[in-house]
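[1] Predicted structure and sequence below. I'll ask about it afterward.
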Amino acid sequence: LSTQCGGKLKSIDVSAALETPGVFGAYTCEDLLNIGGKNEFGAIVQDEIVFLPVGEIVRTVGQVLGIVVGESLECAEIGAKAVKVEYGEVETKPVVSIEDAIEAKSFYDFSRHCLEVGDVVTALKEHDGEGQLVSIEGSFRSGPQE
């Protein structure tokens, strides 16, 4: 997991983790892509990344950079702590509140989705079972997400 944010991920060196007793492997975005894996996921829209690629801006402290696999949780955690991560200079101020997002003009692109306001009861009656129905109303604040 990243320990800094706001700068680019310059490099990840897993060699020390691989030398840790009880560690079977350490994998990053590069490894995932080398085996033909997909680095995106999401419940509705595939817009989240599995492992941050080298060269991308680290958006949050705790962003997933890779995974270490060991014979026990303790071995994997010791191996993960041995991974060497290099970060670039901070390029962007972290966005930690709605006010920060407004200041940074950091808005979610809703054009990828169709959000409609209407008669829920009628919509549910007319729904043919294809796709998903989502009903949202009101407002809320949420904490950080992984």
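    Nice, thanks for sending it over.

[2] hey, which helix or strand in the protein has the poorest pLDDT?
    helix 120-126 (a mean of 78; mean pLDDT, DSSP states H and E).

[3] mind listing the strands for this protein?
    Applying DSSP state E to the chain gives strands spanning 7-13, 23-28, 40-41, 48-49, 66-70, 84-90.

[4] Quick one: the ones you listed as a markdown table, columns for mean pLDDT and mean neighbour count too.
    Using the backbone N, CA and C atoms, a C-beta is placed for each residue, glycine as well. Formatted as a markdown table, these follow (pLDDT from 0 to 100; neighbours: other Cβ atoms under 10 Å):
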| stretch | mean pLDDT | mean neighbour count |
| --- | --- | --- |
| strand 7-13 | 95 | 16 |
| strand 23-28 | 96 | 18 |
| strand 40-41 | 85 | 10 |
| strand 48-49 | 86 | 16 |
| strand 66-70 | 96 | 18 |
| strand 84-90 | 94 | 14 |
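
[5] Which of those strands sits closest to residue 137?
    Across these, the minimum distance to residue 137, taken as Cβ to Cβ, is reached by strand 48-49, at 24.8 Å.

[6] list the helices and strands the longest helix along the chain packs on?
    In the chain, ranked by residue count with DSSP state H as the criterion, the top helix is helix 73-82. For helix 73-82, the packing partners by 3 or more Cβ pairs under 8 Å, 6 or more residues apart in numbering; DSSP states H and E come out as helix 15-18, strand 23-28, strand 66-70.

[7] Any regions of this protein where pLDDT drops low?
    Applying pLDDT under 70 to the chain picks out residues 44, 108-116, 129-136, 140-146.

[8] could you redo the last one with a cut-off of 90?
    5-7, 37-49, 59-61, 90-146 (pLDDT under 90).

[9] ok, the nearest residue to residue 2 once chain neighbours are set aside to residue 74 distance?
    In space, and not counting its chain neighbours, residue 2 is closest to residue 63: 4.4 Å by Cβ to Cβ, 6 or more residues apart in numbering. Note on residue 63: its distance to residue 74, by Cβ to Cβ, to the nearest Å, is 23 Å.

[10] quick revisit: ok, and what's touching the longest helix of the chain?
    Applying Cβ atoms under 8 Å, 6 or more residues apart in numbering, the external contacts of helix 73-82 come out as 1, 16-23, 26, 68-70.
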